[in-house]
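Student: here are the coordinates; sequence isn't available:
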């Protein structure tokens, strides 16, 4: 099944809203794109379009949360976390209010809209806010569970959503989401690949292909960027001796540096960060960009071979 | 208000000013000018207008107040302490390490503070969210938020104004403490805010202009605001920055500066003399 995590997010909100009357949804004129329009159709009285005014939207969310509502405020990752960074920091983060922020169209797979809309800095921005939980689910099933976990957590959460429809790879019958706990998708002892979000499935394809080439890589799906799962990183560092991180995000400030912080403090091993290398994206079809930036399965396979050899 | 109530309100406002000076002096920093200009309206809100109970500060049905011009919290803290939310002893350690009372309002640790604020333009949006929550829950509480005139230079104020009007938040009352001065000088020299009444009218507000240091006008404005249906109200309150302390009045330099020991003594002498007259 191919489905974008933004759509999974919209569906999950609708499902949870049935039993959680405290959920309200805010958007900034992008409901059709962030897929909060699914919620809007089902619960029009609990949906509020704030117009193209993201700073105010976050403040309104803070006020709603201060009165017991659980607002989910959605926009593109660029505007939700970039434009409204300081509102999130001061009106939501500092008072630790129960606001959930969803940033859609994250990373370069926004595609044709180009650099102004391709946010590769959202994870970095949100990680720096004390008390903020940062989630980056990798497929439909993971997003569904992540939204539930975000609701269960009493405090601010950032959830990254993707625009591109992607294959599901988790098994819905056995999948379990635990906030702050990475998931080992494949065991191995030559090297550990830690991936997050949309590129996890690409990394999975890559490490499977590498088996026939004599490289037995471990793959960890790090759906929670903050709080990062220290234990799984330290164990991987000890057992495999080196780590490669993969993210559709600037290699500055995202998963890669979060992993480096853990290894350098607790178990120093070489870490190679694969991602967007401190540059901007540009226009083009999403899959073409993913390949150009070396973040598709084929590109990752090549990079991992280069790094391991 | 009858004469007795009017007099009582003036006495409390004078005490709010005294504790504002105590707080800023003991902190050796802070914002006396805008606290003193707002003291009468903050007093009226907590001692007459709002349905609040210091014994139950989290009551979901209470009226809310968001001090969007959060730097003027010395006056808010004074009003909260005099109302009984916490001891006035807390004011003596305002801004000290380990103190409950922070340099800008912190809702997590301070009873009676409904929203953390201080980054200008943000409190007013939170107030909109509170008013919206009240509408959603069919509650009849009201939400008050006070902005500085300089604060109205923030774009977010107008995002919030558009939102409040669009959502018909008639349970929301904004108050602009128009004391005419901001850090860099006169508001109209710095950014040309006028005509502020026309701006709010254009955004769909009921606009009430008053002398914000006159209790008769303050009372009339809040009474009128409660009768407005289908749109939010803004009270544009002309005030005197530094009101009550002669050498601070209308002086831009007292926006964000603490008095020294001599200035502190003089301020308290003046305010205590005013209180003595009121107490007859």
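Tutor: Everything's here; your move. These figures come from a predicted structure and were not determined experimentally.

Student: only C-alpha atoms for contact and neighbour calcs from this point on.
Tutor: Fine.

Student: Could you pull out the helices in the chain for me?
Tutor: Defaulting to chain A. A:5-19, A:31-34, A:37-42, A:54-66, A:77, A:85-87, A:122-127, A:140-152, A:200-211, A:230-240, A:255-266, A:286-292, A:297-308 (DSSP state H).

Student: Please refer instead to chain B.
Tutor: Under the criterion DSSP H, chain B carries helices at the ranges B:3-27, B:32-44, B:73-83, B:89-92, B:122-136, B:155-166, B:187-190, B:196-202, B:215-227, B:261-279.

Student: where does chain A dip in pLDDT?
Tutor: Residues of chain A meeting the criterion pLDDT under 70: none.

Student: Kindly recompute the last result at 90.
Tutor: Along chain A, the parts satisfying pLDDT under 90 run over A:309.

Student: Please identify the residue most distant from the middle of it.
Tutor: The centre of chain A is farthest from one residue, residue A:214, which by CA atoms, centre = their mean lies 30.8 Å away.

Student: Relative to residue B:229, how far out is the residue nearest in space to the middle of chain A?
Tutor: The centre of chain A sits closest to residue A:136, judged by CA atoms, centre = their mean, with a distance of 1.8 Å. Per CA to CA, to the nearest Å, residue A:136 is found 44 Å from residue B:229.

Student: And for residue A:68?
Tutor: Separation of residue A:68 from residue B:229 (CA to CA) stands at 25 Å.

Student: How about residue 155: what's its closest non-neighbour residue?
Tutor: The chain I'm using is chain A. Nearest non-adjacent residue to residue A:155, counting by CA to CA, 6 or more residues apart in numbering or on different chains: residue A:98, 4.1 Å away.

Student: you looked at the wrong chain, it should be chain B
Tutor: Nearest non-adjacent residue to residue B:155, counting by CA to CA, 6+ apart: residue B:121, 7.4 Å away.

Student: and that neighbour, what is it in contact with?
Tutor: B:68-69, B:147, B:151-152, B:154-157 (CA atoms under 8 Å, 6 or more residues apart in numbering or on different chains).

Student: if we take those residues, which one ends up nearest to chain A?
Tutor: Distance ranking of the contacts of residue B:121 against chain A, using CA to the nearest CA, places residue B:156 first at 6.0 Å.

Student: Can you give me the neighbour number for the closest one?
Tutor: 24 (other CA atoms under 10 Å in any protein chain shown).

Student: Give me the nearest residue to it, chain neighbours excluded.
Tutor: Closest to residue B:156 by CA to CA, 6+ apart is residue B:121, at 5.3 Å.

Student: Please list the residues of the stretch 51-200 of chain B that sit near chain A.
Tutor: Within the stretch 51-200 of chain B, the residues that sit near chain A (CA under 8 Å from any CA of the partner chain) are B:60, B:106-108, B:114-117, B:119, B:122-130, B:132-133, B:156, B:159-160, B:163.

Student: Just the buried ones among those residues, please.
Tutor: By neighbour count, with 16 or more other CA atoms under 10 Å in any protein chain shown, these hold B:106-107, B:114-117, B:119, B:122-130, B:132-133, B:156, B:159-160, B:163 as buried.

Student: residues in contact with residue A:222?
Tutor: Residues in contact with residue A:222, defined by CA under 8 Å, 6+ apart, are A:136, A:181-183, A:194-197, A:228-229.

Student: Swap in 7 Å and give it another go.
Tutor: Each residue near residue A:222 by CA atoms under 7 Å, 6 or more residues apart in numbering or on different chains is listed here: A:182-183, A:194-196.

Student: just those residues that are near chain B?
Tutor: Contacts with chain B are made by none of the contacts of residue A:222, judged by CA under 7 Å from any CA of the partner chain.

Student: could you dump these to CSV with neighbour count?
Tutor: Formatted as CSV, the contacts of residue A:222 follow (neighbours: other CA atoms under 10 Å in any protein chain shown):
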residue, neighbour count
A:182, 23
A:183, 19
A:194, 29
A:195, 28
A:196, 27
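
Student: Between those, which sits nearest chain B?
Tutor: Nearest to chain B out of the contacts of residue A:222 is residue A:182 (CA to the nearest CA; 31.4 Å).

Student: ok, residue B:87 touching residue B:81?
Tutor: Yes - under the criterion of CA atoms under 7 Å, residue B:87 makes contact with residue B:81 at 5.6 Å.

Student: Looking at the two, which one has more neighbours?
Tutor: Using other CA under 10 Å as the criterion, residue B:87 and residue B:81 rank with residue B:81 on top: 21 against 14.

Student: Tell me how far the more buried one lies from residue A:123.
Tutor: Distance, residue B:81 to residue A:123, using CA to CA: 41 Å.

Student: For the stretch 101-250 of chain B, give me the ranges with low pLDDT.
Tutor: For the stretch 101-250 of chain B (pLDDT under 90), the answer is B:192.

Student: Please tell me how far residue A:203 sits from chain B.
Tutor: From residue A:203 across to chain B, the span is 42 Å (CA to the nearest CA, to the nearest Å).

Student: repeat for residue A:137
Tutor: With distances taken as CA to the nearest CA, residue A:137 is found 29 Å from chain B.

Student: In this structure residue A:281 contacts residue A:113, no?
Tutor: No - taking CA under 7 Å as the definition, residue A:281 is not a contact partner of residue A:113, at 9.8 Å.

Student: out of the two, which sits in the busier spot?
Tutor: Using other CA under 10 Å as the criterion, residue A:281 and residue A:113 rank with residue A:281 on top: 22 against 15.
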